[in-house]
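J.: structure, please.
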Amino acid sequence: MIEPFVAFLLILIVSSLIYLCSRQLAYKTSASEEKSLMYACGEKVFSKKLSVNVTLYKYLIFFVILDSPALILAFAALALEMINPFSLLIYLTIILVADLLLLGGY
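T.: Numbers count the residues shown, from 1 in each chain. A predicted model of the protein is given here:
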């Protein structure tokens with residue numbers, strides 16, 4: 001039980017050291033006012049508030065609900081000896097009900 005914890009701490013310490021060393025060694029530029037005003041081709045760009053269009057959010061929800069279970073079931077099929085097939089059927093039923101509810105609200 002202690003070995004995974006020690007391995008996690010070692011990985012955390014090594015990755016933190018790599019991050020801190022690379023932060024110290026990284027090339028730092030001095031931002032001048034002229035550089036910050038110009039865009040790629042010398043055009044002056046005035047920043048506006050970014051408007052986000054969220055009209056297609058239902059398609060994202062459909063994608064997450066329909067594709068995530070396929071990936072989970074693919075991995076579960078590899079370990080079918082350890083998993084009860086009845087629990088997979090319950091999981092598929094819950095996903096089917098969620099899909100039907102989403103389609104009804106569409």
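J.: distance of the closest residue to residue 95 other than its chain neighbours from residue 84?
T.: Once flanking residues are discounted, residue 95 sits nearest to residue 69: 4.8 Å by C-beta to C-beta, 6 or more residues apart in numbering. C-betas here are computed from N, CA, C, even on glycine. Separation of residue 69 from residue 84 (C-beta to C-beta, to the nearest Å): 17 Å.
J.: which stretches of the chain form helices?
T.: Counting by DSSP state H, the chain has helices at residues 2-25, 33-37, 57-78, 85-105.
J.: so where's this protein uncertain?
T.: Low-confidence segments of the chain (pLDDT under 70): 31-50, 52, 79-83, 105-106.
J.: was I right about residue 99 contacting residue 67?
T.: No: look at residue 99 against residue 67 with C-beta atoms under 8 Å: they stay out of range, at 11.7 Å.
J.: tell me which of the two has more neighbours.
T.: Taking other C-beta atoms under 10 Å, residue 99 and residue 67 do not tie; residue 99 has more neighbours (14 against 10).
J.: number of residues surrounding residue 69?
T.: 19.
J.: need the contact list for it.
T.: Counting by C-beta atoms under 8 Å, 6 or more residues apart in numbering, residue 69 makes contact with 91-92, 95.
J.: thanks a lot, catch you later.
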